[in-house]
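>>> Show me how the following folds:
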Amino acid sequence: MTAPLPLPPVPDPFQLPFHYGALHQIGIDWLVAPDPIRELLAKHHPDLTAATFEDGQALVSLNYQLYFAQYPFGGGITQEIEFSAIAFPTDEGGRLPRLTYAQYAQGWDQTKLLGIARLHVVCDNPFAIRAGRELYAEPKYPGWFEVGLPSLNGPAGETWTIRCKSATIAPDATLEKDPDPLLDITADLDGLTAVAANSAPVTGYGTDREGRLLAGPMNVYQPYRWYDLSAREHSSRTRLTVRTPDSPLGRDIRALLGAGAPAVGAWTYQSPPVAAHNRPYYLPTRPRP
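As a prediction, the model looks like this:
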């Protein structure tokens, strides 16, 4: 029997679990050839194996997050993009059920061993970048975002647009924006019917500098909304444009997705509102002299 492993350290000033005050998220999935993913996993996460689905294809996922957190000193807003391969710990392969992509996307893997092996994480919050690196061994680096999101405070619709640009972290730990775009994402989900997906907790994998494999579950307290995009008529619903093809992120996207592979699904989560400030009304007043 294998001896129990110690828990990874939680360095100051971090505390776990990290609680999200609100979360808005979209993920887009692609079924792709497995060999390029296996090569990247061997390089970045050697103790993980790429999951396979229909026709032996592997799965790549790109997800954008906008989240709010409340701290003792106030609030913080963070945006990030994760580019990941769906994978599992190699030694645990015998525990996994055989699933189609649609079954996986709806949360049928209750072992939660099928997780996101992060290859790139671009984030606009220097503190969150440090936390991701030190707590979860995320390959996290700076960037910034221009977005258009479905919102109760805006026009009706289910279209997401995200432009991710490069950035650096200044010596004073602030974000310095660069005008150069890294990638653009558009997901037009208007008119589609979503399915409730019981896919949380989502297991995120990281490999630290000592080569140790970490697994960090993320609980989301309501179902995701999953959109099946596998039909041919939905092939133009999502668009991913790599603006800096020679960057590490650009090279890995091109290696895994090739020349514009169509997405097979998208999944979203938006925190419900907790309050609403309503329209004012007039009160009768006495005539003024």
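
>>> rest of the way, CA atoms for contacts and neighbours
Noted.

>>> Now Leu256, what are its backbone angles?
phi -90, psi -40 (degrees, to the nearest 10).

>>> Which pLDDT does the model give it?
pLDDT recorded at Leu256 is 94.

>>> next one: Ala259
Looking at Ala259, its pLDDT stands at 69.

>>> give me the beta-bridge partners of the most centrally placed residue in the chain?
Among the residues of the chain, Asn63 comes closest to the average C-alpha position under CA atoms, centre = their mean, at 3.1 Å. Under DSSP bridges, the beta-bridge partners of Asn63 are Gly27, Glu82.

>>> gap between it and Gly74?
Going from Asn63 to Gly74 by CA to CA, to the nearest Å gives 27 Å.

>>> Check Ser236 too.
Taking CA to CA as the measure, Ser236 falls 41 Å from Gly74.

>>> Between the two, which has more neighbouring residues?
When Ser236 and Gly74 are compared for neighbours, Ser236 comes out ahead with 13 against 7, by other CA atoms under 10 Å.

>>> Run through the residues that contact the residue nearest to that one when sequence neighbours are not counted.
Spatial nearest neighbour of Ser236, chain neighbours left out: Pro262 (7.5 Å); criterion: CA to CA, 6 or more residues apart in numbering. The contact partners of Pro262, taken as CA atoms under 8 Å, 6 or more residues apart in numbering, are 30, 235-236, 238.

>>> helix, strand or coil for Pro262?
When classified by DSSP: H, G, I helix; E, B strand; the rest coil, Pro262 comes out as coil.

>>> Torsion angles phi and psi at it?
When read as degrees, to the nearest 10, the backbone of Pro262 gives phi -70, psi 150.

>>> could we number from 20 for the rest of this?
Shifting the count to begin at 20 puts that one at Pro281.

>>> can you pull the contacts of the residue nearest to the centre of the chain?
With CA under 8 Å, 6+ apart, Asn82 has these contacts: 44-47, 100-102.

>>> okay, those in CSV with pLDDT next?
Below are those laid out as CSV (pLDDT from 0 to 100):
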residue, pLDDT
Gln44, 98
Ile45, 98
Gly46, 98
Ile47, 98
Ile100, 98
Glu101, 98
Phe102, 98
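
>>> I'd like to know which of the residues you listed is nearest to Pro30.
Closest approach between the contacts of Asn82 and Pro30, by CA to CA: Glu101, at 23.2 Å.

>>> close enough to count as contact, that closest one and Ile135?
No. When contacts are counted by CA atoms under 8 Å, Glu101 is not listed as touching Ile135 (9.0 Å).

>>> Which of the two has more residues huddled nearby?
It is Ile135, of Glu101 and Ile135, that has more neighbours when counted by other CA under 10 Å, with 25 against 22.

>>> got the contact list for the host helix or strand of the more buried one?
Assigned by DSSP states H and E, Ile135 belongs to strand 134-142. The contact list for strand 134-142 (CA under 8 Å, 6+ apart) reads 60, 63-64, 67, 80, 97-107, 148, 157-163, 221-225, 268.

>>> Which of those fall in helices?
60, 63, 148, 268 (DSSP state H).

>>> Same list, the residues you listed, but as JSON lines with neighbour count please.
Shown next, in JSON lines, are these (neighbours: other CA atoms under 10 Å):
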{"residue": "Leu60", "neighbour count": "20"}
{"residue": "His63", "neighbour count": "18"}
{"residue": "Ile148", "neighbour count": "21"}
{"residue": "Leu268", "neighbour count": "19"}
